[in-house]
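[1] Give me a model of this one.
(one chain, ligands or ions: 3)
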Amino acid sequence: MNSLRCPNCSSPVFLETLDCPTCTASIGFHAPTRGFFLVGAEGSEIEIDGSVWVACSNRFWKCNWLADTSQPSGACRACRLTRRQPSNDDTLALERLADTAVDKRRLLVQLNDLGLPVVPFYEREGGLAFDLVSSRSGEPVTIGHANGVITIDLAESLDDYRETLRVKLGEVYRTVLGHFRHEVGHYFQNILVDTDERWAECRRLFGDERTSYSDAIARHYRYGAPATWRESFISDYATMHPWEDFAETFAHYLHITGTVATAAGSGLILHADRVGFTGVGDIVARFSYADRTIEELLADWHWLSLMFNRVNRSMGLGDFYPFDLTEPVITKLSFVHALVTDARG
Ligand SMILES: [Zn+2]
Ligand SMILES: [Zn+2]
Ligand SMILES: [Zn+2]
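    Ligands and ions are numbered 1, 2, ... in the order given. From the prediction side, this is the model:
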């Protein structure tokens with residue numbers, strides 16, 4: 001998979017780039033081909049593969065996707081997945097929405113890269129929708145998933161608010177993208193675990209999801225996670241209930257595959273002879289591990305994440321990936337890998 005490049009000057013750009021930092025050209029992301037196209041004056045049309053596209057009507061709010069003109073709203077597919085958002089006069093919340101939607105679009109690109117099916121809420125009851133609302137706008141907001149609808153508190157895009165919560169909850173990692181990846185795990189569990197055999201395997205690995213959720217919450221916030229949680233869970237929160245264990249595991253599958261794909265798009269190779277690894281060859285990040293085993297993915301991830309941890313430390317930051325993958329966690333990730341690769345097939 002090629003990396004993301006400016007269509008005008010071929011310089012590397014980020015997934016969220018609106019104007020090329022090198023040549024200043026305005027560019028728009030065309031999700032079906034995973035490529036960038038030049039965006040002209042407002043309303044100019046771009047013909048791609050026989051259909052006509054325009055810049056998304058939310059471009060002012062940082063959306064860099066192109067919108068298919070055969071759709072009525074003028075908004076791109078990512079924006080149309082948002083079911084609820086702040087009112088038009090709530091400028092502060094709309095600014096938070098603009099930042100939060102960057103992560104939503106990154107999530108959607110990754111789901112597409114992995115070949116995971118996304119059916120919008122307006123096409124099917126229970127399809128994917130996002131309620132992106134702020135707890136600072138006068139109503140309480142609980143981050144979560146219910147019947148295809150993912151709710152995110154826009155206040156989480158405020159660094160001071162999110163960091164305060166992270167420290168209070170004793171978490172080593174808390175990001176808006178992480179919330180999206182966790183909540184979409186709940187969405188996909190119901191879609192991908194679709195046979196009695198798969199449910200049996202899922203319950204064997206994660207526990208029986210039919211146990212009371214409200215009892216689980218009460219127990220978790222009263223007593224916390226068991227002292228030995230690190231032996232078999234990816235996070236403290238995963239111990240709360242089997243639904244949460246699956247969602248946390250799914251989120252980590254997305255963290256790992258997303259980061260490795262970025263490394264692959266950047267042409268990253270760790271040369272064994274230059275760094276003195278023993279017993280391993282060069283580590284060549286792959287864009288896709290759909291036809292690879294979980295062991296191959298995690299072997300590459302082991303060395304890449306160690307390297308990224310060192311990079312972070314060299315800037316005085318905490319570890320890039322502050323988690324341990326134990327054997328029970330790897331078995332759960334293996335289950336998710338099988339679900340995702342089967343969905344692609
Ligand atoms: Zn450029
Ligand atoms: Zn848009
Ligand atoms: Zn959850």
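
[2] Spell out, range by range, the strands that occur in the stretch 101-250 of the chain.
    All strands of the stretch 101-250 of the chain, identified by DSSP state E, counting those that start in this stretch, fall at 129-133, 144-146, 149-153.

[3] any idea of the angle the first one forms with strand 149-153?
    It refers to strand 129-133. 20 degrees (axes from the mean of the first three to the mean of the last three CA atoms, to 10 degrees).

[4] and the helix or strand harbouring L333, what other elements does it pack with?
    When elements are assigned from DSSP states H and E, L333 belongs to helix 327-344. The contact analysis (3 or more CB pairs under 8 Å, 6 or more residues apart in numbering; DSSP states H and E) places helix 327-344 against helix 176-192, helix 196-206, helix 242-265, helix 294-314. Where C-beta positions appear, they are placed from N, C-alpha and C, glycine not excepted.

[5] May I see the buried residues of the shortest one?
    Spelled out, that is helix 196-206. Judged by neighbour count (16 or more other CB atoms under 10 Å), helix 196-206 contains these buried residues: 202, 205-206.

[6] Okay, buried residues for the strand or helix carrying D273 please.
    Using DSSP H and E, D273 sits within helix 272-275. If you call a residue buried by 16+ other CB under 10 Å, then helix 272-275 has no buried ones at all.

[7] Name the surrounding residues that touch it.
    Outside of helix 272-275, the residues within contact range by CB atoms under 8 Å, 6 or more residues apart in numbering are 280-283.

[8] Which strands border the helix or strand following it, and is each parallel or antiparallel?
    Towards the C-terminus, the helix or strand next in line after helix 272-275, according to DSSP H and E, is strand 283-284. The strands that strand 283-284 pairs with in its sheet are strand 269-270 (antiparallel) (by DSSP bridges).

[9] The strand it pairs with - what's its average pLDDT?
    In this model, strand 269-270 has a mean pLDDT of 94.

[10] which residues make contact with that strand from outside it?
    So strand 269-270 is contacted by 277, 282-285, 303-304, 307 (CB under 8 Å, 6+ apart).

[11] what's the farthest-apart pair in the residues you listed?
    The span of the contacts of strand 269-270, defined through CB to CB, is set by F277 and A285 at 14.8 Å.
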